[in-house]
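Enquirer: no sequence for this one, just the structure:
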């Protein structure tokens, strides 16, 4: 039997994932990197980067790690920034 009620953590997790993507985009912009250049650096496609930045796709932890590392960050840095931004 399935429960049709929405898990309250679903929305929180979705908001945190969105905040993480926003932080990655902000760092890319601060470093004046194009989507094309970041795609080259990470081995991802331009479309994948665009979908992530626009919130159309939720990246896997591996994808977040690839982007973070290409930007000179750690995943924990990005998550911490995203969590701090949500608390403000």
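Expert: Structure received. Computed from a predicted structure; not experimentally measured.

Enquirer: Name the residue closest to the centre of the protein, please.
Expert: When C-alpha atoms, centre = their mean is applied to the chain, the residue found nearest the centroid is residue 21 (2.5 Å).

Enquirer: Make sure that one is actually in contact with residue 59.
Expert: Yes. Between residue 21 and residue 59 there is a contact at 6.9 Å, judged by C-beta atoms under 8 Å. C-beta here means a position set from N, CA and C on the backbone, and glycine is covered the same way.

Enquirer: In this structure, what helix or strand scores lowest on average pLDDT?
Expert: helix 75-87 (a mean of 88; mean pLDDT, DSSP states H and E).

Enquirer: what's the overlap in contacts for residue 21 and residue 59?
Expert: residue 52 (C-beta atoms under 8 Å, 6 or more residues apart in numbering).

Enquirer: Tell me which other helices or strands the helix of greatest length in the chain touches.
Expert: Identified as the longest helix of the chain according to DSSP state H is helix 8-30. Under the contact definition 3 or more C-beta pairs under 8 Å, 6 or more residues apart in numbering; DSSP states H and E, helix 8-30 sits against helix 46-53, helix 61-70, helix 75-87.

Enquirer: Just the buried positions in the first one, please.
Expert: Within helix 46-53, the residues that qualify as buried are 48-49, 51-53, counting by 16 or more other C-beta atoms under 10 Å.

Enquirer: Same check on the last one?
Expert: Across helix 75-87, burial judged by 16+ other C-beta under 10 Å covers 75, 78-79, 81-82.

Enquirer: Compile those into TSV and extend it with columns for distance to residue 39.
Expert: Below are the buried residues of helix 75-87 laid out as TSV (distance: C-beta to C-beta, whole Å):
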residue	distance to residue 39
75	19
78	18
79	22
81	22
82	22
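
Enquirer: What's the local residue count around the nearest residue to residue 58 once chain neighbours are set aside?
Expert: Closest residue to residue 58 apart from its sequence neighbours, by C-beta to C-beta, 6 or more residues apart in numbering: residue 17 at 4.9 Å. Look at residue 17: counted by other C-beta atoms under 10 Å, it has 17 neighbours.

Enquirer: mind checking pLDDT for residue 17?
Expert: We have a pLDDT of 94 for residue 17.
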